[in-house]
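Asker: my questions concern the predicted model and sequence given below.
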2 protein chains.
Amino acid sequence: MEQYLVLFTFIGSLIALIFAGLTAKKVMKFSEGTERMKHISESIRQGANAYLKRQYSIVAIFFGGMFVLLCLMAAFNLLTWFVPFAFITGGLFSALSGFIGMKIATYANSRTANACREGLNKGLRVAFSAGSVMGFTVVGLGLFDISVWFFLLKFVFNLDANSITSAMLTFGMGASSMALFARVGGGIFTKAADVGADLVGKVEAGIPEDDPRNPAVIADNVGDNVGDVAGMGADLYESYVSSVISASALGVSAFGGDIKAMAVPMLLAAIGILMSIIGTFFVRTGENISQKLLLKALSRGTNISAIGIAIVALPVVILVLGKENWGLYVAILSGLVAGVLIGKSTEYYTSDTYRPTQKLAATSETGSATIIIGGLGLGMKSTAMPIGIVAVSVLISYFVSGGTNSAALGLYGIALSAVGMLSTLGITLATDAYGPVADNAGGIAEMSGLEPKVRERTDALDSLGNTTAATGKGFAIGSAALTALALVASYVDKIKSINPDADLSFDVVNPVVLIGLFIGACLPFVFAAFTMDSVGKAAQSVVKEVRRQFKEIKGLMEGEAEPDYASCVDLCTKASLREMVLPTVIAIVVPIVVGMVLGYKGVVGMLAGATVSGFLMAIFMSNSGGAWDNAKKYIESGVHDGKGSPQHKSAVVGDTVGDPFKDTSGPAINILIKLLSMVSIVFAALVVNYSLL
Amino acid sequence: MEQYLVLFTFIGSLIALIFAGLTAKKVMKFSEGTERMKHISESIRQGANAYLKRQYSIVAIFFGGMFVLLCLMAAFNLLTWFVPFAFITGGLFSALSGFIGMKIATYANSRTANACREGLNKGLRVAFSAGSVMGFTVVGLGLFDISVWFFLLKFVFNLDANSITSAMLTFGMGASSMALFARVGGGIFTKAADVGADLVGKVEAGIPEDDPRNPAVIADNVGDNVGDVAGMGADLYESYVSSVISASALGVSAFGGDIKAMAVPMLLAAIGILMSIIGTFFVRTGENISQKLLLKALSRGTNISAIGIAIVALPVVILVLGKENWGLYVAILSGLVAGVLIGKSTEYYTSDTYRPTQKLAATSETGSATIIIGGLGLGMKSTAMPIGIVAVSVLISYFVSGGTNSAALGLYGIALSAVGMLSTLGITLATDAYGPVADNAGGIAEMSGLEPKVRERTDALDSLGNTTAATGKGFAIGSAALTALALVASYVDKIKSINPDADLSFDVVNPVVLIGLFIGACLPFVFAAFTMDSVGKAAQSVVKEVRRQFKEIKGLMEGEAEPDYASCVDLCTKASLREMVLPTVIAIVVPIVVGMVLGYKGVVGMLAGATVSGFLMAIFMSNSGGAWDNAKKYIESGVHDGKGSPQHKSAVVGDTVGDPFKDTSGPAINILIKLLSMVSIVFAALVVNYSLL
């Protein structure tokens, strides 16, 4: 039976990739529009390609170094020889997910703008199709990598379950490392360009957003693609893959090495793909520009997919694992529901249709300081609901799965709930990734001087993208917390497999665990600080360059001369690549150092601390940022004296602070907490054998 | 021997109180200055008194309710009958500490201003003497309460060691509750007044700070007294008392109920008092206005005290506990050193003589948004060093004290290190509390139109106060973390004493502990959000009132009419008292609810989570706030185009955001994490007997 389960998973991954390919073809058939539009789209594409090329060449050095290190460890029998190769493929596929997503996005932007000339629904279809390409590429590649490795390790090399999970967790580490590079690098790029363009263009020179006279405008649009698309693609590839393999790993100890328990998470993922594809066919809208109707169009698709999984998962769990394990189905369901609820809570705190963001907008009446205080407070307060949701979901998953009798079973339940949460990723990512495409389309419409109603339509699509992005972030954060918990449990399993006599109590009152907890909890703070600093530094260099061009290029403001777009793109590229290295290195070095000094007990404390504080910081930063952004948009809609008023200026300050919060530091923390666990797992043998304490 | 140890402690407390009384008399002998000065001082005094009166009447209701609740629990045998009374005295003495400190501060402000007319050294002596009154009142009352209760429980009622510690921990809970009310209420008052006065007076109307035409100027000065003096007094009374009793409580389990181990922390505190008194005699300066010399004057005092304790503690530990326990002396020393190092780290991150704050000031060049991002990043980054210092200190204390053989001994060592850190509180608090006195003196000098050189001198004293306040905060935060850890250990002891068969493993991988960890870590975030919101709300009402007065009172701006100071004081009073209730109620209700639902394992997780994330948040918020404040002052000193420039305006925004960070939310979190533990301990019997899980 096991082979068929793997085969089914493999076929699921192929279907996703084929669907992505066909959708991409469909997108490419649309016209790119006028010459001017083609030209602009081409510039954005070139900038984005150039960035990724240079990013990959730097990342390649890192992966090369790690490969050698892992080979050395394998040579000393601290790892199997599969590990270095698994590490490389994880990184490769993660990068590929981002790359393909970005490619299609940069081809779809002008096409979306052009489609919007004909109608809102057509525009939605193009943008959403581009998002779907990305969504299904991510899940397809993820499941492809998982199923092929699993097949090789199990049926070709005949490894035992423990060795299989070790190798697969390493490929998760590869994916996470790549994702962190992509998120941090792309996040710095996009926010540096955005802040730079806004501060000088909008605030100082008083020209509108996306005005072609602004030298940073192309960089800004490139940023959307390398940050919000390529970065997000690599990120969610990592989330998806990590949740599946961590659940598989825990399946091993829960079912005493039974391969079926390892296959269930993959199976769920495969079913999720099929349901997501079905869901995409239900996404369409009329010509009425209404956020409500648009949101309904997208929600219809995701809801149908979710309901489909909720129905199909029950027989799957019962058929594969037996009637007595029906509780695991409840765990999956609780994850699915928790994901939706966290998304709703994010929406409540960050959408201007609810009181928190409206009240935040009102604090602009007394200036920038009060809107900053208000936004920080809002973000901090917004941590309570997701914490409660995750708490309830974890307790349900653990106890209903049978954690009272077997802790391993309970932990497997928690891991499966993360898989449940991400099972609809194909379509949720599509609704998420379409946002930056619409954003870019708006930029192109503006720069090409298309009629205002086109911009109206792209704006409607873009604005909806903010809401779906918030929901998507909810899923990413929630699944990150659950996956990280599952990975902590995997780490403990790993220690047991290395040294069966190891003392596996990790009492919070034990000072070593406690110190680990302190250090771990500190990491997201320091990490957030570093990434924010980087955005600040990069943005300042863009500000200076834009100011210089405004001053030195004659006739620029009159529209008689073209600005030097390329220099801004180049600046952002250099700055973000320079700044992306340190945070990633920290994430890899710290767990090794902590392990070597404090031992594996300290590591468990560190992982728990990082997960808890990382979860809080990620929600805090994402929601503060989202609320500021929407409070600004809310004011722009005409309340509190509208655009150009002192209140609006204060709101712009809030939004600028929120930019690195929500698009750089916050999402990167999600990856950080998982990468810490995976690094710890990969280097566990080193720590067990050679640590100080 | 035990009686003598207690007697010695009691005498130590009396000496502190007598010294405080004599110093107060000395302060009162100085002249209050001109009629105008007397009048202003009187207004401030009246406002502060009125506030405290109303605060106490609200707090009395709370204490009455809790008293009844505790009596009920005692009636059901869930507590001893000493507990309700201990709870009341803790609250009473904490309130008294704040009250006396505020009294002397409001008498010393005009006297300091007047002394500054004669010379800098004289001004320093008056302000520092007032600070000393507060410092020695706090430690005197704290040790008095501890030694009297201990004497009664041990020698009059002949209770066993466990019952003694229970009762004493309740009096800690009383002190903590009072401290939280005082810190939160006072913190909201002072910042609402400050923000209100600044936003309308300085920014909108363009009049200088402390200008008598500003209707909020008296409220601002009242705020310094009720927040920075009365709030801090209650706060540090709580810190001091908590550290001593938590160490005493752990001494019980470490030495199997030997009273000597319980007495050592008290003894250390008593020695600290004597050394602190000696230290005060070394505080004097010349007439040269130099921050360096002034700082040296104060440091001389604290250093001499610290060295004194470091010398005397060794024979004390060896004589009382035996040669074999020399390791406990090292623990004390490590706490003393850790306190100094955390203070230095705070200074490094927040003083404008170092790079971080200078770089922060430079970010004002690109506007408010970048200085906000920079300050948040700085604060987050600054958590790493204190975490490292505490980590090393905890490990040293634990292992050198003998934690490898007996965990109880190791935990006692950690608790003693907190006592070591706070042993010099008498003098460190004096150097800390003198700041607001100097600040007030400056305000009075300005409002009374004294010659500019007086203001120069008070400014020099005030500015130094910022540095000593930062150091003081380092001690408060560091000791809070260590004390909270000790209290978690006490909680575990308590569970053991209630149910000797209880399963005392608190594995971080256990989902109940984990969920507790998540909830606990979330509390400081939510708590910070609530207190910041409160400041925002209160400040907005002040802003509106000040704007109204400027508009409606004719001749105000011309100096021909007096503003209605009392209405601003009244507004701040009402707003802060209304807002102070919810946060305190949360701190008391949450541990009970978590305990009743998740059981004691969940509580331990919650306490660990709250300690870890509270420590991080407190440092982050205090240091961000301190750095913004000093970056603004740095710019005012003339760099980055100085006062009135756009850069300065950006820095003012940063400072305004920082106000609630450093003076309301940050310090309150320190109290929160201890209060959570004490509430948990007091309600432990309820949880063990009736919880759901």
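Answerer: Structure received.
Asker: what sits against the residue of the stretch 1-150 of chain A found nearest chain B?
Answerer: The minimum distance from the stretch 1-150 of chain A to chain B, using Cβ to the nearest Cβ, falls at A:Tyr51 (22.9 Å). Quick note: C-beta positions are derived from backbone N, CA and C, even for glycine. Residues in contact with A:Tyr51, defined by Cβ atoms under 8 Å, 6 or more residues apart in numbering or on different chains, are A:189, A:222, A:226, A:569, A:572-573, A:576.
Asker: most neighbours among the residues you listed, which one?
Answerer: The most crowded member of those, judged by other Cβ atoms under 10 Å in any protein chain shown, is A:Phe189 (37 neighbours).
Asker: find the nearest non-adjacent residue to that residue, please.
Answerer: By the measure of Cβ to Cβ, 6 or more residues apart in numbering or on different chains, the closest residue to A:Phe189 outside its immediate chain neighbours is A:Ser576, 4.0 Å from it.
Asker: and the pLDDT for the one you found?
Answerer: Looking at A:Ser576, its pLDDT is 89.
Asker: what residues are up against it?
Answerer: Residues in contact with A:Ser576 (Cβ under 8 Å, 6+ apart) are A:51, A:185-186, A:188-189, A:192, A:534, A:538.
Asker: hmm, back to that, in CSV: the contacts of A:Tyr51, plus secondary structure.
Answerer: Putting those into CSV (DSSP: H, G, I helix; E, B strand; the rest coil) gives the following:
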residue, secondary structure
A:Phe189, helix
A:Val222, helix
A:Val226, helix
A:Val569, helix
A:Cys572, helix
A:Thr573, helix
A:Ser576, helix
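Asker: what parts of the stretch 251-400 of chain A come near chain B?
Answerer: The stretch 251-400 of chain A has residues A:363, A:366-370, A:372-374, A:376-381, A:383-384, A:387, A:390-391, A:394-395, A:398 near chain B, with proximity defined as Cβ under 8 Å from any Cβ of the partner chain.
Asker: select only the buried ones of those in ChimeraX?
Answerer: The buried residues among those can be selected in ChimeraX (16 or more other Cβ atoms under 10 Å in any protein chain shown) with this line:
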select /A:363,366,367,368,369,370,372,373,374,376,377,378,379,380,381,383,384,387,390,391,394,395,398
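Asker: what strand or helix carries whichever residue of the stretch 451-600 of chain A sits closest to chain B?
Answerer: Nearest residue of the stretch 451-600 of chain A to chain B: A:Ala529, at 3.8 Å (Cβ to the nearest Cβ). Assigned by DSSP states H and E, A:Ala529 belongs to helix A:511-552.
Asker: how far out from the middle of the chain is that helix?
Answerer: In terms of Cα atoms, centre = their mean, to the nearest Å, the centre of helix A:511-552 is set 18 Å apart from its chain centre.
Asker: repeat for stretch A:114-132
Answerer: Taking the mean of its C-alpha atoms, stretch A:114-132 sits 24 Å from the chain's own mean (Cα atoms, centre = their mean).
Asker: can you pull out the strands in chain A?
Answerer: Counting by DSSP state E, one finds no strands in chain A.
Asker: give me the residue ranges of it where confidence is low.
Answerer: Applying pLDDT under 70 to chain A picks out residues A:289.
Asker: show me what contacts the residue nearest to A:Asp352 when sequence neighbours are not counted?
Answerer: Nearest non-adjacent residue to A:Asp352, counting by Cβ to Cβ, 6+ apart: A:Tyr634, 3.8 Å away. Residues in contact with A:Tyr634 (Cβ under 8 Å, 6+ apart) are A:352, A:357-358, A:361.
Asker: quick check: the gap between A:Tyr634 and A:Gln647.
Answerer: Distance, A:Tyr634 to A:Gln647, by Cβ to Cβ, to the nearest Å: 11 Å.
Asker: likewise A:Gly64?
Answerer: Taken as Cβ to Cβ, the spacing of A:Gly64 relative to A:Gln647 amounts to 52 Å.
Asker: out of the two, which sits in the busier spot?
Answerer: More crowded of A:Gly64 and A:Gln647, by other Cβ under 10 Å: A:Gln647, with 25 against 11.
Asker: pretty sure the more buried one contacts A:Glu365?
Answerer: Yes - if you go by Cβ atoms under 8 Å, A:Gln647 and A:Glu365 touch, sitting 6.0 Å apart.
Asker: residues shared between the contacts of the two?
Answerer: Between them, A:Gln647 and A:Glu365 share the contacting residues A:His640, judged by Cβ under 8 Å, 6+ apart.
Asker: tell me how many other residues crowd whatever residue of the stretch 201-350 of chain A ends up closest to chain B.
Answerer: Residue nearest to chain B within the stretch 201-350 of chain A: A:Val203 (7.6 Å; Cβ to the nearest Cβ). If you count neighbours by other Cβ under 10 Å, A:Val203 ends up with 14.
Asker: go on, A:Ser163?
Answerer: By the criterion of other Cβ under 10 Å, A:Ser163 has 18 neighbours.
Asker: the closest residue in space to it that isn't next to it in sequence and A:Thr170, how far apart?
Answerer: Closest residue to A:Ser163 apart from its sequence neighbours, by Cβ to Cβ, 6+ apart: A:Thr80 at 5.7 Å. Using Cβ to Cβ, A:Thr80 is found at 9 Å from A:Thr170.
Asker: cool, A:Ala618 as well?
Answerer: 25 Å.
Asker: how close does A:Met266 get to A:Leu336?
Answerer: Distance, A:Met266 to A:Leu336, by Cβ to Cβ: 17 Å.
Asker: tell me the contacts of A:Ile515?
Answerer: Applying Cβ under 8 Å, 6+ apart, we find A:Ile515 in contact with A:598, A:602, A:605, B:391, B:394-395.
Asker: I should have written A:Ala575 there, sorry.
Answerer: Per Cβ under 8 Å, 6+ apart, neighbours of A:Ala575: A:188-189, A:192, A:534, A:537-538, A:541-542.
Asker: and the residue in the stretch 51-200 of chain A that chain B sits nearest to, how many neighbours?
Answerer: Taking Cβ to the nearest Cβ, chain B has its nearest neighbour within the stretch 51-200 of chain A at A:Leu199, 6.5 Å off. If you count neighbours by other Cβ under 10 Å, A:Leu199 ends up with 24.
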